[in-house]
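Asker: no letters, just coordinates:
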């Protein structure tokens, strides 16, 4: 099982935007771990499922067909952290977009861009399609719209508005006519992923704001962060896999220590450097598995308790209510976001 996350810097910028729109941020984060005074704890990586729940709740509260558009266009490009100087000092727009593709997981694992260069010859556009990562909580279309519009804002800023949005492809759940009226470009409804078409005339022209020296420095730093993150995520996934293989609720840190052949203190230190711990990872695994068994596989509550390694249903009920704030029965009766 792949475990996906979104970095605190990005989530906190989003929370500030929600607040500026007058949304009830307390409701948006209700029952989600990792928050302190409506901000994600520094260095904490929010589970992707939790981040997507936030968007579904915000969508339900706002009842605004332009929610994603507004948030994306108002997003501060500095929220992308180390990516900001890399993008700003990229030699061309094309290289800036390629750097977003390469390093986007430093910020979010919600999804990824795919560039369709071959279509430039056909319609004079560079097409970028956003593919959401699979998860138990489906992605909200406004979340994807916000990501795409945030990318538009960055591309237009570094190109001094030379690169224009020519076409936007949206799912039927979004109001294409209203979006077109606000963006001033063609917006076409289709089934499938959101995609955007940029004018290509200035895609490969040198950018005036590029500083070659700073670009090399920031690229080297971003590449090192990506290597470190991949190593850290590999460790986290390994720990979670051991937890799953060793009885879930009955798994211990000693099981992980033996399986990965790491000294306990080394394991704890390495996890701490990733903003995590054995206890936190074990809870994440149990929560993810419980939600999946109840919502996707539609198992009976008592069967789920056994699957997770609980000898007594009452112990599972207590743990479940701690995780989600409701009983398993209540959880199954309501929408999980």
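Answerer: Looks like it arrived, so ask away. Remember, it's a predicted structure, so these values are computed and weren't measured experimentally. Residues are numbered from 1 along each chain as shown.
Asker: going forward, measure contacts and count neighbours with C-alpha atoms only.
Answerer: Will do.
Asker: let me see the domain layout of the chain.
Answerer: Domain assignment for the chain by automatic domain parsing gives 5-210, 228-333.
Asker: break down the stretch 101-250 of the chain into its helices, ranges please.
Answerer: 120-123, 141-158, 176-183, 212-245 (DSSP state H, counting those that start in this stretch).
Asker: now, of the ones you listed, which is deepest in the fold?
Answerer: helix 141-158 (a mean of 21; mean count of other Cα atoms under 10 Å).
Asker: report the distance from it to the chain centre.
Answerer: Here helix 141-158 shows a centroid-to-chain-centroid distance of 14 Å under the convention Cα atoms, centre = their mean, to the nearest Å.
Asker: stretch 325-335 now?
Answerer: On Cα atoms, centre = their mean, the centre of stretch 325-335 falls 25 Å from the chain's centre.
Asker: before we move on, back to that, the domains of the chain: which one's closest to residue 217?
Answerer: Shortest separation from residue 217 across the domains of the chain is recorded for domain 5-210, at 8.8 Å, computed as Cα to Cα.
Asker: endpoints of that closest one, how far apart?
Answerer: 31 Å (Cα to Cα, to the nearest Å).
Asker: for that domain, give the mean pLDDT please.
Answerer: Per-residue pLDDT over domain 5-210 has a mean of 88.
Asker: now swap in stretch 307-326 and tell me
Answerer: Averaging pLDDT along stretch 307-326 yields 86.
Asker: picking up where we left off before, can you redo the helices of the stretch 101-250 of the chain as JSON lines with distance to residue 261?
Answerer: Shown next, in JSON lines, are the helices of the stretch 101-250 of the chain (distance: least, Cα to Cα, whole Å):
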{"stretch": "helix 120-123", "distance to residue 261": "51"}
{"stretch": "helix 141-158", "distance to residue 261": "40"}
{"stretch": "helix 176-183", "distance to residue 261": "54"}
{"stretch": "helix 212-245", "distance to residue 261": "11"}
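Asker: just so I know, which of the ones you listed lies nearest residue 111?
Answerer: helix 141-158 (8.7 Å).
Asker: thinking again about what came up before, so which of the domains of the chain comes closest to residue 220?
Answerer: Among these, if distance is taken as Cα to Cα, the winner is domain 5-210, at 9.6 Å.
Asker: specify the angle between the biggest strand by length in the chain and helix 141-158 in degrees.
Answerer: Of all segments of type strand in the chain, defined using DSSP state E, the longest is strand 125-132. Angle of strand 125-132 versus helix 141-158, following axes from the mean of the first three to the mean of the last three Cα atoms, to 10 degrees, is 140 degrees.
Asker: starting at the chain centroid, how far to strand 125-132?
Answerer: Averaged C-alpha coordinates place strand 125-132 at 17 Å from its chain's average position (Cα atoms, centre = their mean).
Asker: please apply the same query to stretch 222-239.
Answerer: With Cα atoms, centre = their mean as the basis, stretch 222-239 stands 16 Å off its chain's centre.
Asker: can you pull out the strands in the stretch 1-150 of the chain?
Answerer: Listed in chain order, the strands of the stretch 1-150 of the chain (DSSP state E, counting those that start in this stretch) span 5-7, 35-36, 39-40, 45-47, 111-116, 125-132.
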